[in-house]
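>>> Give me a model of this one.
(one chain, ligands or ions: 2)
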Amino acid sequence: MRVLVTGGAGFIGSNFVLRARETRPEWSVTVLDKLTYAAHRDSLAPVLGDGAADVHLVVGDVADEALVDRLVAEHDLVIHFAAESHNDNSLEHPWPFIESNIVGTFRLLEAVRRHDKRIHHISTDEVYGDLELDDPDRFVEATPVNPSSPYSASKASADLLVRAWIRSFGISATISNCSNNYGPRQHVEKFIPRQVTNILQGIRPKVYGSGTNVRDWIHVDDHNDAVVAIIEQGRLGETYLIGADGERNNLEIVATLLDLMDRPADWFEHVSDRPGHDLRYAIDSGKLRRETDWRPRYGDIRAGLAQTVQWYRDNPEWWQAAKVHAEQVYAQIGR
Ligand code: NAD
Ligand code: DAU
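Ligands and ions are numbered 1, 2, ... in the order given. Okay, the predicted model is just below:
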């Protein structure tokens, strides 16, 4: 099978490609990535090359109609990770989110329709908005979309395009909406790697607002295994929610990191809150578990975080330059 992975130089996409090399060696993989600030080409270094068994990297934009048309025609399956992915950035500069996340998805859908190929669209639980802390219900596939930020609105828009292309044009597509990922190779602008690299540099973790906001954490390998399960066992036209019952508030995550990294429990600071900050996400992944054999392998978040901390300890050359830039951006917005 010839697989086109968009956004394969980013956090989740690069982990997907590295893992697919091991679990699906028979796949021929091409990565299409614009190599934005969020990409790390180095992440793919172990698998890139010109040989038949190597992963090929095409540097380009998913919003480039001609390029996307040619690449989709040459592949059997598109796995669409590419997106601008950081909420804080979307609040400062929304346009790239519209162009990459909405127009880019539109270009892929049209190419998939023209060439009768299959697409799996990667999305997020944030499209459903947020929940109260004491809400007994979690997100399910039928939860109405209700996005809060320019980022989540752009992802909800892309999801709706995919659903419309399924219904109106009968394209072969599936959608997954996953909760917050953690693990190796995540950009240091994101919560967990920002705090891990802060602590490694002797800087206190920075908690937005009260720190009581809840995210439903899942290890990136569990997310990516679920994507493969949906592609191989899911039903065409369906949406699947991916989550591993990992709800923690931000204070709890910081406490675990401080403990793992031998710092006192109160060694962090509160900073100003994110405008429109979603309070809580929580995923009911019952449909995915009923219809596929997928189960999360990282049940223990502490063990997963310990592995993640060790990866950042071992790979300072991977994150140091990006850290300088990310902290300059945060300094400008006062967080
Ligand atoms: P990331 O920011 O780490 O990586 C995104 C990648 O997409 C980068 O390599 C970037 O260069 C590439 N890209 C951006 N715009 C592009 C364009 N126009 N054309 C081609 N490439 C482009 O993001 P991530 O955290 O790996 O997220 C990947 C996908 O998973 C996104 O669609 C995101 O919405 C979704 N998702 C993320 C999470 C999470 O917790 N990180 C959870 C659920 C869903
Ligand atoms: O739910 C899935 C989503 O998870 C994905 O769609 C997004 O691409 C991904 O970025 C993530 O969005 P969040 O906004 O939840 O993730 P972020 O890492 O930015 O923040 C996680 C929580 O931590 C959130 O409540 C804000 C808080 N935070 C974040 C940073 C960067 C802090 O308290 N301090 C920080 O320094």
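
>>> okay, the residue in the stretch 201-335 of the chain positioned nearest to ligand 1: pLDDT?
Relative to ligand 1, the nearest point of the stretch 201-335 of the chain is His223 (7.0 Å; C-beta to the nearest ligand atom). Backbone N, C-alpha and C define where each C-beta goes, glycine included. Per-residue pLDDT puts His223 at 98.

>>> can you check Gly51 too?
Looking at Gly51, its pLDDT stands at 87.

>>> In contact with Thr308, which residues?
Neighbouring residues of Thr308 by C-beta atoms under 8 Å, 6 or more residues apart in numbering: 182-184, 186, 192-193, 196.

>>> One more: Trp165?
Counted by C-beta under 8 Å, 6+ apart, Trp165 has contacts 109, 112-113, 171, 173.

>>> Any of the residues you listed buried? List them.
The neighbour count (16 or more other C-beta atoms under 10 Å) marks 109, 112-113, 171, 173 as buried among those.

>>> Dump the residues you listed to JSON lines, plus pLDDT, secondary structure and distance to ligand 1.
Putting the buried ones among the contacts of Trp165 into JSON lines (pLDDT from 0 to 100; DSSP: H, G, I helix; E, B strand; the rest coil; distance: C-beta to the nearest ligand atom, whole Å) gives the following:
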{"residue": "Leu109", "pLDDT": "99", "secondary structure": "helix", "distance to ligand 1": "14"}
{"residue": "Val112", "pLDDT": "99", "secondary structure": "helix", "distance to ligand 1": "16"}
{"residue": "Arg113", "pLDDT": "98", "secondary structure": "helix", "distance to ligand 1": "19"}
{"residue": "Ile171", "pLDDT": "98", "secondary structure": "coil", "distance to ligand 1": "18"}
{"residue": "Ala173", "pLDDT": "99", "secondary structure": "strand", "distance to ligand 1": "15"}
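
>>> and those, which two are the farthest apart?
In the buried ones among the contacts of Trp165, two members sit farther apart than any others by C-beta to C-beta. They are Arg113 and Ala173, at 9.8 Å.

>>> picking up where we left off before, adding distance to Glu92, write the buried ones among the contacts of Trp165 out as JSON lines.
Listed next are the buried ones among the contacts of Trp165 as JSON lines, based on distance: C-beta to C-beta, whole Å:
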{"residue": "Leu109", "distance to Glu92": "28"}
{"residue": "Val112", "distance to Glu92": "32"}
{"residue": "Arg113", "distance to Glu92": "34"}
{"residue": "Ile171", "distance to Glu92": "34"}
{"residue": "Ala173", "distance to Glu92": "32"}
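
>>> Which of those sits closest to Pro136?
Nearest to Pro136, judged by C-beta to C-beta, of those is Ala173 at 31.9 Å.

>>> List just the nearest of the contacts of Thr308 to ligand 1.
Distance to ligand 1 across the contacts of Thr308 (C-beta to the nearest ligand atom) is lowest for Gln186, with 6.7 Å.

>>> May I ask which helix or strand encompasses the residue positioned nearest the centre of the chain?
Of all residues in the chain, the one closest to the mean position by C-alpha atoms, centre = their mean is Ile12, 5.2 Å from it. Per DSSP states H and E, Ile12 falls inside helix 11-23.

>>> Tell me which helix or strand comes right after that helix.
strand 28-33.

>>> Check the nearest residue to Val214 once chain neighbours are set aside and give its pLDDT.
Spatially, and ignoring its direct neighbours in sequence, Val214 is nearest to Arg280 (4.0 Å; C-beta to C-beta, 6 or more residues apart in numbering). On the pLDDT scale, Arg280 is placed at 98.

>>> and Arg280, what does it touch?
Arg280 touches 130-133, 135, 213-215, 247, counting by C-beta under 8 Å, 6+ apart.

>>> So Ser210: helix, strand or coil?
coil (DSSP: H, G, I helix; E, B strand; the rest coil).

>>> Count the neighbours of it for me.
Other residues within reach of Ser210, judged by other C-beta atoms under 10 Å, total 12.
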